[in-house]
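Colleague: what follows is a predicted protein model with its sequence.
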Amino acid sequence: MQQYHSRNFLLLVACCFLTLLLSSESVLFAQSSKLDKARQLYKQGAYPAAAEAYQNLLKTEESSRAMIDLAACYRLMGKTNLAEEWYSRVVRTDEVEPVHLYYYGMALKANGKYGEAKESFNQYKKMTGGATKIAEEQIDACEQAEFYLTDPGKYQISLAAINTKKADFGAAFYQDGIVFSSETNVKNKGNVYNRRDQPFLDLFYAARVGTDPAELDRPTLYRGRANTKYHEATVTFSPDGSTMYFTGNPQKQEKGKVRNLKIYEVSTNGGELPQGMPFNDDVYSVGHPSLTADGDVLYFASNMPGGYGGTDIYSVKRNGTSWGVPENLGPEINTEGNEMFPYISDENTLYFSSDGLSGLGGLDIFSVTSVGRGYWSQPENLRYPINSNGDDYGFIINHEECFGYFSSDRVGGIGDDDIYSFSCVKSAPEEVETPPTPVDLPQCEVRGRIYNKKDGSGVPAAEIRLFNLTRGGEQTMLSGDNGIYSFPVDPGCDYMLMVKKKYYLSETRDISTRGRDCSSPLQQDLALDIAVTKIPDIDQETGKLKKPIRIISGGVSSHPDLPLPQIDHIYYDLDQHFIRPDAQVELDKIVQFMMDNPELILELESHTDSRGSAEYNQALSERRANAAIEYIVEQGISRRNISGFGYGETRLTNGCKDGVQCEETEHQANRRTEFVITGFLNWD
């Protein structure tokens, strides 16, 4: 069934990025002639042939190098069951390296074995000294798998009628149907891509039949000059449909050099040959174009230097008849892994796929919304049934009619990668009494200024979100140059306003227009200035605080000028590490604080009293720290935001050390966990 994934040529990286990002796989092995031949095939990217050669070699001799390469072949061919089998052998050898543990975890995760995958990622993290965030994301994904597998009831999916036993993927809206890529009925059937032992991809068009998006007419080769003897895929069209942008291989390339991918522009009316975009380069790849509804901004993926991981998502603006300089969308979207297949909808929601964010399989589909001035909301996993244990990508949506398409190699398809359609599920309206929607009623306006509490200066570009608690709905904006903001608000409603900005503690305010006459000039304006507090002494290169903020007790902290929540230390019973009900109250405050400030990094410091041996107390304090962490994580806080350490009996709060008689209340004061803010995540 599954061969080397056809979309993998669109990973835009000549060598798998993880061999550089995580750890290089050693090649210092003695090589037999059979191994030399297999290695040659592997280096050429002929993975099916290389896998067969390695299998034959391993029937007659033992070779760790052959096992490592065979596991890699199956990984790159998308055969996750076989990849799991061979990486399970590799990780038991003396030649195991961190990258093998990572790949083993990814194969286990793709096969739905989240508990075992988590263990492998933890081993990888331990072996690398915990220096990479991608391990934390994968551990979090394993812990969140049940949530991601829960159907939120938004979409109903179906296999599109155009799928074949070969690869079909990458739909784009065009005229009354879609343009997509396929290996079936291509223009040059005899021209074979050795990484799959299949023909190169061509572009096809299929018209919709009726109202069901899954029903598509028989595909035909896309007309015009785009299709060549090499790959073409992932397209986007100008607003008037006269120009197509697509990903393809260059037709001419120096022998022995990698054919890096490029984005081409071509008229849909035929005529001139495709022209390369000005930001194409022979040194790196660019692909997966997606144009905004007005045609002025192009989003794409690339492994160009200066990114955050393997492939990142970029945008570039049109300047008249030319294009500007591409800009990376930043670490809120891009990770140490691969982000690709961007699609910008008519409503300015950006959909993309990532294997570096927390998800079910290899690539999961996520969405973010623009909040202005280059800022984006936090990525949201679209969950099942859009996402699966496999690779899910190429999401497009028609918001007006609420249907669309995506691609997946999940189990249950027709052949290789398949195209799926989806339609929005129309849920029955909830029988909840809400105030009538104001029709043609005058609105009030809440307006004010976001300012720095310390010096009174306006705080620009603060993200302000206004939630209508009565009727639902949300408005978002960024404060102006002097911190000014304003929102229209409906009469008779309750609202919550939240202010966030990097390096600042978030602030929340409640607003109500109940009883207010919005038609009256004297009552229609609600003034609300909000002071925000900047966290001091930040090392902007590392995100760490030069002086950590220690929450002492009852709202007292090492930084009395900061508006921290009133949180007490949590305490434990003698010789126990379970979370008591009184401790749950304080930990719930921590959870809310972290939800309001999702970029903060919190450290938990756990302690014991002096009774018992030092070794026993050290282990007990570590169990207490872990118990508190688990409680917080179970409430939805990511592990990457929190860490814990045990200090045993080394940091007593009083004189109750060994040999000193003390009251039980004095010993209780030492059996505690304290909270320390140490830094920030997601630095630019």
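Modeller: Perfect, I can see it now. These numbers were taken from a predicted model, which means no experiment stands behind them.
Colleague: quick one: the strands in the stretch 101-250 of the chain?
Modeller: For the stretch 101-250 of the chain, applying DSSP state E, counting those that start in this stretch gives strands covering 155-159, 168-174, 177-182, 192-193, 198-199, 202-207, 220-221, 232-237, 243-248.
Colleague: and the ones you listed: which comes nearest Leu360?
Modeller: Smallest distance to Leu360 across the strands of the stretch 101-250 of the chain (Cβ to Cβ): 14.6 Å, for strand 155-159. Where C-beta positions appear, they are placed from N, C-alpha and C, glycine not excepted.
Colleague: go ahead and flag the most central residue of this structure.
Modeller: Geometric centre of the chain, nearest residue: Leu357, 3.0 Å, by Cα atoms, centre = their mean.
Colleague: before we move on, back to that, want to throw the strands of the stretch 101-250 of the chain into CSV with mean pLDDT, distance to Gln618 and mean neighbour count?
Modeller: Converted to CSV, the strands of the stretch 101-250 of the chain look like this (pLDDT from 0 to 100; distance: least, Cβ to Cβ, whole Å; neighbours: other Cβ atoms under 10 Å):
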stretch, mean pLDDT, distance to Gln618, mean neighbour count
strand 155-159, 94, 51, 16
strand 168-174, 95, 54, 25
strand 177-182, 95, 58, 26
strand 192-193, 72, 57, 16
strand 198-199, 82, 58, 20
strand 202-207, 94, 63, 22
strand 220-221, 94, 70, 13
strand 232-237, 94, 55, 27
strand 243-248, 94, 56, 24
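Colleague: could you dump the ones you listed into CSV with distance to Asp409 added?
Modeller: As requested, the strands of the stretch 101-250 of the chain are exported to CSV (distance: least, Cβ to Cβ, whole Å):
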stretch, distance to Asp409
strand 155-159, 13
strand 168-174, 9
strand 177-182, 14
strand 192-193, 17
strand 198-199, 14
strand 202-207, 19
strand 220-221, 24
strand 232-237, 15
strand 243-248, 19
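Colleague: Lys125 is nearest to which of the ones you listed?
Modeller: Shortest distance between Lys125 and the strands of the stretch 101-250 of the chain, using Cβ to Cβ, is found for strand 168-174: 32.9 Å.
Colleague: so the closest one versus strand 243-248, what angle?
Modeller: Calculated by axes from the mean of the first three to the mean of the last three Cα atoms, to 10 degrees, strand 168-174 forms an angle of 170 degrees with strand 243-248.
Colleague: what pairs with strand 168-174, parallel or antiparallel?
Modeller: strand 177-182 (antiparallel) (DSSP bridges).
Colleague: other residues contacting the strand it pairs with?
Modeller: Contacts with strand 177-182, where a contact means Cβ atoms under 8 Å, 6 or more residues apart in numbering, come from 6, 162, 164, 166-172, 201-208, 216-217, 219, 222, 232-235, 244, 405, 419.
Colleague: switch the cut-off to 7 Å
Modeller: Strand 177-182 has contacts (Cβ atoms under 7 Å, 6 or more residues apart in numbering) with 164, 166-172, 201-208, 216, 219, 222, 232-233, 235, 405, 419.
Colleague: just the CA atoms of that strand, as CSV, please.
Modeller: Taking C-alpha atoms only, strand 177-182 is exported to CSV below (Å, rounded to 0.1, in the frame of the first residue of the first chain):
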residue,chain,number,x,y,z
GLY,A,177,-14.0,22.2,-9.0
ILE,A,178,-10.5,21.5,-7.8
VAL,A,179,-7.0,21.3,-9.2
PHE,A,180,-4.9,18.6,-7.5
SER,A,181,-1.8,16.4,-7.9
SER,A,182,-1.7,12.8,-8.9
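Colleague: re earlier: what helix or strand is the residue nearest to the centre of the chain on?
Modeller: Assignment of secondary structure by DSSP states H and E places Leu357 within no helix or strand.
Colleague: what residues are up against it?
Modeller: Leu357 neighbours (Cβ under 7 Å, 6+ apart): Glu137, Thr335, Asp364, Phe366, Pro379.
Colleague: cool, Val532 as well?
Modeller: Residues in contact with Val532, defined by Cβ under 7 Å, 6+ apart, are Ile450, Asn452, Lys453, Val459, Ala462, Val499, Lys501, Tyr504, Leu505, Glu507.
Colleague: how about Glu215?
Modeller: Ala161, Arg208, Val209.
Colleague: quick check, pLDDT for it.
Modeller: Reported pLDDT at Glu215 in the predicted model: 95.
Colleague: who touches the nearest residue to Leu620 once chain neighbours are set aside in this structure?
Modeller: In space, and not counting its chain neighbours, Leu620 is closest to Thr608: 5.2 Å by Cβ to Cβ, 6 or more residues apart in numbering. Thr608 is in contact with Asn617, Leu620, Ser621, Gly648, Glu649, Asn670, Arg671, counting by Cβ under 7 Å, 6+ apart.
Colleague: so which of those belong to helices?
Modeller: Asn617, Leu620, Ser621, Asn670 (DSSP state H).
Colleague: which one of those residues sits closest to Thr311?
Modeller: Ser621 (42.8 Å).
Colleague: okay, and the beta partners of the residue nearest to that closest one when sequence neighbours are not counted?
Modeller: Excluding the flanking residues, the one nearest Ser621 by Cβ to Cβ, 6+ apart is Gly646, at 3.2 Å. As for beta bridges, Gly646 partners with Ser606 under DSSP bridges.
Colleague: quick check: which ranges of the stretch 501-650 of the chain have low pLDDT?
Modeller: Applying pLDDT under 70 to the stretch 501-650 of the chain flags the ranges 522, 553-556.
Colleague: re earlier: quick one: which of the strands of the stretch 101-250 of the chain is nearest Ser558?
Modeller: Ser558 sits nearest to strand 155-159 of all the strands of the stretch 101-250 of the chain, at 48.4 Å, using Cβ to Cβ.
Colleague: what subset of the contacts of Glu215 is buried?
Modeller: Buried members of the contacts of Glu215, scored by 16 or more other Cβ atoms under 10 Å, are Ala161, Arg208.
Colleague: would TSV of the contacts of Glu215 with distance to Leu291 and pLDDT be doable?
Modeller: Listed next are the contacts of Glu215 as TSV, based on distance: Cβ to Cβ, whole Å; pLDDT from 0 to 100:
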residue	distance to Leu291	pLDDT
Ala161	27	94
Arg208	21	95
Val209	27	93
